[in-house]
Every structure is written in structure tokens, then in C-alpha cells.
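*Asks:* Next one to model:
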Amino acid sequence: MDDIAQRCIDIIAKSKGLDPQSISLESSFDSLAIDSLDKINISFEVEEAFNIEIPDDALGSLKTVGDVVDGVRRLTSEPTA
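*Replies:* Predicted coordinates:
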């Protein structure tokens, strides 16, 4: 697992009080009891950790931990304006 994936998992685990070892890229937000408010809080943490800005309309499409990791990878690889 790469650094981006591990950092995202750590952020999600901390926000929900879960063991990071119990979370995989395939873990769904439903299985982790992550609701829409949790998604917003997690997105703020991820934005701060990676110095990125997650578009508000992207939050609705996030269903798994892997979706978050893929989004961070895309946003961190884009050249800044």
C-alpha cells in the first residue's frame, strides 16, 4: 500500500475511531458507518493533509475508501495553476 492510501486510511480511521488495520481500499462508507457529515469532515482532513481542494460535487460520488484514494491521486497529480 502506498503512502497516499495509508494516509487516507489513517484519516478515516481516526475520524471514526476505528483500527486502521480494519480498513481496506474496498471498504465501503456504508460498512464503516460514514454518513454525509462524516464525508464532509473527512474531506476537510484529506484536503489539509494533501494540500488539495476536493470539489463539493465530488463528495457525492465517493462510496469507498478506494474512491477517496483515487481522487487524491488525481488531484495531487494535476499541475497547479
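*Asks:* what about the protein, any weak spots by pLDDT?
*Replies:* Residue ranges of the chain with pLDDT under 70: 78-81.
*Asks:* which stretches of it form helices?
*Replies:* For the chain, the helices defined by DSSP state H occupy 3-16, 36-50, 65-77.
*Asks:* Check the gap between the spatially most central residue of the chain and Pro20 for me.
*Replies:* Nearest to the mean C-alpha position of the chain, by CA atoms, centre = their mean, lies Val68 at 3.8 Å. Counting by CB to CB, to the nearest Å, the separation of Val68 from Pro20 is 14 Å. For every residue, glycine as well, the C-beta is placed using N, CA and C.
*Asks:* before we move on, what about Ser36?
*Replies:* Distance of Ser36 to Pro20, computed by CB to CB: 23 Å.
*Asks:* hmm, back to that, could you work out which of the helices of the chain reaches nearest to Ala58?
*Replies:* Across these, Ala58 has its closest neighbour in helix 65-77 (6.3 Å, CB to CB).
*Asks:* Tell me which other helices or strands the closest one touches.
*Replies:* helix 3-16, helix 36-50 (3 or more CB pairs under 8 Å, 6 or more residues apart in numbering; DSSP states H and E).
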